[in-house]
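# Have a look at this fold, sequence not included:
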Ligand SMILES: [Zn+2]
């Protein structure tokens, strides 16, 4: 106390001054001076001080409000950044294939490609093939061929097609297309026609190529498992000459066979095709896949 009483230099500049710190004599003089001030002047001074205090409060409030706004903006930006970061992660994950278990479609199924096979949808365009009451063989062949292609893809076999729409394709050209595609197996799809008869048969080259026979036998075995009207077996050459080949079996330089997929003239075979096309396509694709494994992978 004493230390501070006579020495103003001892105070820190902004240290609060308590009344007890002031010399009573000095305090009395201050009070006297205050009372001596004109009341009007005093009122003005007090007003000014009030105004100054209000100004200070307003400034402080404004600064606080600004800080608050900055903090809120920061938080909002942070949340947005986190959210968009998550989205970016999702987007990048879409570029890599992932199985979508909620909506699994054939297009989403990814299988490593094992090899190329050739699927020939018999006839087409100007050549309708067999015909029965306005039903054309070329249309049935194409439907089956496209279904087989789809199933082959699931098994890692890429199917190159002789046609994927109703267009004319020369019979010899089909075998050439298979050779050019570098196909490892070729299957030509047709339908039979007769006044009486039903069932499935496969024609293989006249030279009795064992690989072609394996392919044919595997296809008939799988179709048998799926359920067909009749297995008419593997046949060699052509209907009219067992020493000659259908162009689809003669031109290709890989194991090949020509499937007569039931009779277009058989109600039973047509009903089966309508009801079980997918299952038949699966069976054929499975047989081709098994044959591919047996012939080229040593499975
Ligand atoms: Zn035909």
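Received it, and whenever you're ready, just let me know what you need. Predicted model only: the values in this text are computed from it and were never measured. Residues are numbered from 1 along each chain as shown.

# Which residue is the nearest non-sequential neighbour of the residue in the chain that the ion sits nearest to?
Closest to the ion within the chain is residue 190: 3.3 Å, counting by CB to the ion. Where C-beta positions appear, they are placed from N, C-alpha and C, glycine not excepted. Spatial nearest neighbour of residue 190, chain neighbours left out: residue 122 (4.0 Å); criterion: CB to CB, 6 or more residues apart in numbering.

# ok, residue 201 - contacts?
192, 232, 233, 234, 235, 259, 260 (CB atoms under 8 Å, 6 or more residues apart in numbering).

# does residue 116 have beta-bridge partners, and which?
residue 158 (DSSP bridges).

# give me the number of residues near the residue of the chain closest to the ion?
When neighbours are defined as other CB atoms under 10 Å, residue 190 has 25 of them.

# cool, and residue 184?
Around residue 184 there are 20 residues (other CB under 10 Å).

# now the one 3 residues further on
Counted by other CB under 10 Å, the residues lying close to residue 187 total 29.

# can you check residue 43 too?
Using other CB under 10 Å: residue 43 sits among 11 other residues.

# Okay, and it sits in which element?
Assessed by DSSP states H and E, residue 43 sits inside helix 39-95.

# on that earlier part again, can I get the buried part of the contacts of residue 201 as one PyMOL selection?
Typed into PyMOL, the line below selects the buried ones among the contacts of residue 201, using 16 or more other CB atoms under 10 Å:
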select buried, resi 192+232+234+235+259+260
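
# Out of the contacts of residue 201, which is nearest to residue 135?
Nearest to residue 135 out of the contacts of residue 201 is residue 192 (CB to CB; 13.1 Å).

# ok, what's across the strand from the closest one?
Bridge pairing for residue 192 - DSSP bridges - gives residue 263.

# quick one: contacts for residue 246?
Per CB under 8 Å, 6+ apart, neighbours of residue 246: 171, 188, 203, 238, 258.

# now, which of these lie within strands?
Cross-referencing these against strands under DSSP state E gives 188, 203, 258.

# circling back: farthest-apart pair in the contacts of residue 201, please.
Taking CB to CB, no two of these sit farther apart than 192 and 234, at 14.6 Å.

# In contact with the residue lying closest to residue 242 once chain neighbours are set aside: list those residues for me.
Closest residue in space to residue 242, ignoring its immediate chain neighbours: residue 236 at 5.3 Å, by CB to CB, 6+ apart. Contacts for residue 236 were tallied using CB under 8 Å, 6+ apart; they are 203, 204, 205, 206, 208, 242.

# What subset of those residues is buried?
Of the contacts of residue 236, these count as buried by 16+ other CB under 10 Å: 203, 204, 205, 206.
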